[in-house]
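Asks: Sequence first, predicted model second:
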Amino acid sequence: MALPFEAPRKTDLRERAALALDAAGYRVEGALSSIPLPEELNLKGAIVGDLQAVDEDGTRSVFCVRNDWNKAVPQWIANWARASHHLEKVRIYVLVDEVSSVMEKSCRSCGAGLLLLTRGDQFSLQTIVDPTTLTPEQLAAEFSNRLKEARRRMERKLDLNRRDIERKFGEVKGLVEELSNEKQAEYMAALEGTDKKWQDWGARLSERLDEASSSGGLEELHVIETEIDQGIDLQGQ
Amino acid sequence: MKTEADNLSQVDPRAITKNPHNPRRYFNDEQLDLLRTSIQEIGILVPLIAYESKEESGTYVLMDGERRWRSALELGLRTIPVSLIPPPTPLENLLRMFNIHMVHEDWPLISVALALRDVIKESGEDREKRLSEMTGLTRSSVRRAKRLLSLPEYELELIQKEAHLDRNEQVHREDLYLEIEAAESVMRNEFPEIGKTYSRDEVIRQFARKREEGSLEAVTDFRGVSDLIKAAQDERIKRKDVVRTFQRLIEDPRLNPRDAFQAVGASAFEQQTLARRAQLFVTALASLDESEELSADFINQLKRLREEIDRLLGNS
């Protein structure tokens, strides 16, 4: 049943997902249960999801239907996924109708399963990520690896760009000798300004990587990774 | 006097119902994700506002806090903080909703228009100034909302269905329909013979089809209609040709209003524009003193102008 103010696209995807789950042999429940969260995680509420199914041995699968398949799993679902690995017989799945590497990577990092809704003659499901293959230790290692890789990429980018600026400083005499004194000073100031921006960028991202490391924030890590790819804004923002 | 803070309660979110006067709105997942994470990790810090339902004991009608309420249901929260207020009259309910949401500035124009329709119905008040005072909307917002409300119900439904989408995903946008409404209105006023063949609803639907079929480059293409009407004041353009062009514009969803204007009125429109500029230039020249020395560059330009004028007048 659609929640109040639910976007029609979400309602449509949930209905298709229910058909596909049924066709795949899941026993889709009519009403959603609230699964208590482990107290030690200090999270409010319970695990609910958009659809639930219970299999013969009592394992409850919770399905979160998402239209924005090209983004990372949001933090609140990632929190549920992490929590499910502290609980017995609870699994969290993200269900999408298109798949992206961003979504897949983030599901693996937080321990959520990922199902792809496909449409042939009827709706069916393809498992992209199986949550039963991910242990809490593996999740922690996966997250830690991503953090390390992000930090390496950030430092490499910073190093490359600052070396380039250093090279320009070294060549500055030849580059600016035909310019007026005023223009020369402007050029030098611009180079120094760009260098400072890179330094600040590196310091800021380093701090945020440290914070992400202690908070385990998947969504924040994804934002940091995007900012590393983008580098600094040379237009001055 | 009791304030809302004095009536703070912890309420089961499942006991809350939508306000009947809240226009139908949708929230995308993306719009709510940050809020959901915040509520899950920290909780709801700002209480919702609701009143106890007269119809159903133990249930509450929401005044403010749709997003927080929706997030609380999804997150399985057992109780949420709610400030309870006395049940308002229907009109008080509507006006209070306006006050709350105008502060947030989070209603799209279609939602404002539909809520305004309810205010007009409840209060019997239709005057722009008075509606502005009652709701806190600017008079120009009231005017725009009323223009939107004048559209056929079918078109309003289309706008509302897409209101939650990102602007670049919307086909049936409010600004599109405001342009269509303006174009239809000026066409009907200046060419009443069009109204004898095509109803207003029909024209609006046909104009909307141009957007649906990708015939428009921009929603402002409909300004080609008013440009054509201005051009039609030129004595060289026959009224029946303009009427025929409007008929084609209505009947063919692939015909862009700018193209229609180009085909019939572009030359006349350009000459009207030049005539206005010429008038300003003549006035400026007339104000120059004959004894004033003219620069060589200015004299050259005047000579060039005289050559062009002789060339054009030689052809007339």
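Replies: Okay, I see it.

Asks: Helix or strand for the residue in the stretch 101-250 of chain B positioned nearest to chain A, just tell me which one.
Replies: Here the residue of the stretch 101-250 of chain B nearest chain A is B:H164; by Cβ to the nearest Cβ that distance is 5.3 Å. All C-beta spots, glycine's among them, are computed from the backbone N, C-alpha and C. Taking DSSP states H and E as the definition, one finds B:H164 inside no helix or strand.

Asks: Distance of B:M97 relative to chain A?
Replies: According to Cβ to the nearest Cβ, to the nearest Å, B:M97 and chain A sit 14 Å apart.

Asks: so what's that residue up against?
Replies: B:N19, B:H21, B:N22, B:M63, B:D64, B:A115 (Cβ atoms under 8 Å, 6 or more residues apart in numbering or on different chains).

Asks: pretty sure the fourth one is in a helix, no?
Replies: If I follow you right, that is B:M63. No. Counting by DSSP: H, G, I helix; E, B strand; the rest coil, B:M63 is located in no helix; its state is strand.

Asks: who touches it in this structure?
Replies: Counting by Cβ under 8 Å, 6+ apart, B:M63 has contacts B:N19, B:L48, B:I49, B:A50, B:Y51, B:I85, B:N93, B:R96, B:M97, B:I100.

Asks: which sections of the stretch 101-250 of chain B are below the confidence cut-off?
Replies: Across the stretch 101-250 of chain B, the ranges flagged by pLDDT under 70 are B:102-106.

Asks: Residue numbers of it in contact with chain A?
Replies: Residues of the stretch 101-250 of chain B lying close to chain A (Cβ under 8 Å from any Cβ of the partner chain) are B:K161, B:H164.

Asks: that older thread, just the closest of the contacts of B:M63 to chain A, please.
Replies: Closest to chain A, out of all of those and judged by Cβ to the nearest Cβ, is B:N19, at 10.2 Å.

Asks: shouldn't that closest one be in contact with B:V61?
Replies: Yes. Using Cβ atoms under 8 Å, B:N19 is in contact with B:V61, at 5.5 Å.

Asks: So between these two, which is more surrounded?
Replies: More neighbours surround B:V61 than the other of B:N19 and B:V61, with 21 against 18 (other Cβ atoms under 10 Å in any protein chain shown).

Asks: What's the separation between the more buried one and B:S83?
Replies: 13 Å (Cβ to Cβ, to the nearest Å).

Asks: At the geometric centre of chain A, which residue do we find?
Replies: A:A72 (3.3 Å; Cα atoms, centre = their mean).

Asks: Let's verify that one: helix, strand, or coil?
Replies: Each residue gets one of three states, and A:A72 gets coil by three-state DSSP.

Asks: what does B:H21 give?
Replies: coil.

Asks: For it, grab the count of nearby residues.
Replies: By other Cβ under 10 Å, neighbour count at B:H21 equals 21.

Asks: Just the buried ones from the contacts of B:M63?
Replies: Taking 16 or more other Cβ atoms under 10 Å in any protein chain shown as the criterion, what is buried in the contacts of B:M63 is B:N19, B:L48, B:I49, B:A50, B:Y51, B:I85, B:N93, B:R96, B:M97.

Asks: what separates the first one from B:E66, distance-wise?
Replies: The reference is to B:N19. Distance from B:N19 to B:E66, by Cβ to Cβ: 9 Å.

Asks: The third one too?
Replies: Shown here: B:I49 relative to B:E66, a distance of 11 Å by Cβ to Cβ.
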